[in-house]
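Engineer: structure for this input, please:
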Amino acid sequence: MRTEKDSMGEMLVPDNVLYGASTERALRNSSISGIKMPETFTRSIGLVKYAAAIANNELGLLNKEKTDLITQAAWEIYEGKLDEHFPLEIFQTGSATSSNMNANEVIANRASQLMGQPIGSKKPIHPNDDVNMSQSSNDTMPTVLHVSLAIALKKELIPCLELLQLKLEEKAEAWKDIVKIGRTHFMDATPLTFGQEFSGYAAQVQKAVERAKKAIDVLRELAIGGTAVGTGINCPKEFPDKVIAILRQKTGINFVRARNSFEAQAGRDDCVEVAGYLSTIAASLNKIANDIRIMGSGPRSGIGELILPATQPGSSIMPGKVNPVLCELLIQVSIYTMGLCQTVVMCGRDGHFELNVTIPLIAHALHCSIDSLSNGTRLFAEQCIAGLVINEVRCKELVDNSLMLVTALNPYIGYDKAAEVAKKAYLQNKTLREVVLEEGLLDAATLDKALDPKAMTHPQ
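Structural biologist: Model prediction:
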């Protein structure tokens, strides 16, 4: 152990860590759940500190030696090289000041290490005076929150959704001529093709991609420059624009300064809006996964139109049983995401006066949602959708026996008579064709044309 000092006095800190007294105090106060702050969030603190150091240097506030040391250490954080030195959990001070100080201390101590100075000496870099220059936790952590979420959406979720969209579009094209029975209210409806049905799923996912891009746009405004309460005390006027220019360049995301610093720090409405987009995406994925597992139900006593890839044994007692594992995985991910997003709504509601103090929990809920949706979507696309096969014999059987083909007879015999035909066919266990011919309602040629399932999928 080594002894470090902060504003509250001395604190023993393990020799093998780069954080200092402030982080050690927070660690002792908040070891509750074992759930650490999201990796992307922590690494993004490094990116923001990197940008802040360069901005302070350009403003003549930080000399080149200190700037080089801070930027080297901060970039190591961004690259994930110092992850082990960020032990804090999500249940900490609600402004995420503990995480901010964790980064400040790690950067300062890494600088000491690089210069051959004792760790904890605050030489040549001071965690507050140098690393945190022109900043407050109250503007830096909301900034990190937006930056980290935008990066995660861009690099994780959108590519996985685009992969799923592609796989669904491939199936839609391959199956464009395969007819199946439609279903509404879980009951038989008129026919459509598998291509048409899967084009609908692909369109849902395309909209999910668009929603994820909208979520990035929502996060573009950054709070940096507001410092303690939004007034910008101790922050040079040019500082935020310089920081944001560097963040734009490093991420490829068009970040801008918040239109109102007081709103950007006091409210987390932007994150609540992002939660809404993620909930919508989750609901959409849930619907697709549910449809596919129901169409694949069986193999002999269910619908059985689809044959899902066999990924693992499905039962510890029933030999040969195979379950729709990937569908169930994505459904659970979707439900989990919607629960996390509801947490964000409540976090947004509970911001008071000049600062929302639920930032760590919002970071956890949204990052966990993005991570889970990304990984679940990728697995579903690669291990389920890509390997789907149609049971064409079963599809034809279900189409041929469906009573809702009777809909096509409306123009010939009218709705009421068609309803009578459908009821009689059902009660007597006959086909529609048999009943229509028995009653002499249409000749065989006209009837065959009217009841052609494929023609019903592309009516004139």
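Engineer: neighbours around the nearest residue to residue 29 once chain neighbours are set aside, how many?
Structural biologist: In this structure, residue 29 finds its nearest non-sequential neighbour in residue 92, 7.7 Å apart by CB to CB, 6 or more residues apart in numbering. C-betas here are computed from N, CA, C, even on glycine. Using other CB atoms under 10 Å, residue 92 has 22 other residues around it.
Engineer: swap in residue 254?
Structural biologist: Other residues within reach of residue 254, judged by other CB under 10 Å, total 12.
Engineer: can I assume it is in contact with residue 248?
Structural biologist: Yes - using CB atoms under 8 Å, residue 254 and residue 248 qualify as a contacting pair, with a distance of 6.1 Å.
Engineer: give me the element residue 12 is part of.
Structural biologist: In this structure, residue 12 sits in strand 9-13 according to DSSP states H and E.
Engineer: list the buried ones in that strand?
Structural biologist: By neighbour count on 16 or more other CB atoms under 10 Å, the buried set for strand 9-13 is 11, 13.
Engineer: what packs against it?
Structural biologist: With contacts taken as 3 or more CB pairs under 8 Å, 6 or more residues apart in numbering; DSSP states H and E, strand 9-13 sits against strand 2-6, helix 21-29.
Engineer: residue 54: which of the ones you listed is closest?
Structural biologist: Closest approach to residue 54 among these (CB to CB): helix 21-29, 24.3 Å.
Engineer: on the three-state scheme, residue 135 is what?
Structural biologist: At residue 135 the chain is in coil, as set by DSSP: H, G, I helix; E, B strand; the rest coil.
Engineer: neighbours of it, just the number please.
Structural biologist: In terms of burial, residue 135 registers 29 neighbours under the definition other CB under 10 Å.
Engineer: from what I can see it touches residue 224, true?
Structural biologist: Yes - using CB under 8 Å, residue 135 makes contact with residue 224 at a distance of 7.5 Å.
Engineer: shared neighbours, these two?
Structural biologist: Residues touching both residue 135 and residue 224 (CB atoms under 8 Å, 6 or more residues apart in numbering): residue 52.
Engineer: pull up the pairing partners for the worst-scoring helix or strand of the chain on mean pLDDT, direction included.
Structural biologist: Least confident helix or strand, the chain: strand 2-6 with a mean of 91, by mean pLDDT, DSSP states H and E. Within its sheet, strand 2-6 is paired with strand 9-13 (antiparallel), according to DSSP bridges.
Engineer: now the strand it pairs with - C-alpha only, CSV.
Structural biologist: What follows is strand 9-13 as a C-alpha-only set of coordinates in CSV (Å, rounded to 0.1, in the frame of the first residue of the first chain):
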residue,chain,number,x,y,z
GLY,A,9,-6.7,13.9,4.0
GLU,A,10,-4.6,10.8,3.6
MET,A,11,-5.8,7.5,2.2
LEU,A,12,-4.0,4.1,1.8
VAL,A,13,-4.1,3.0,-1.9
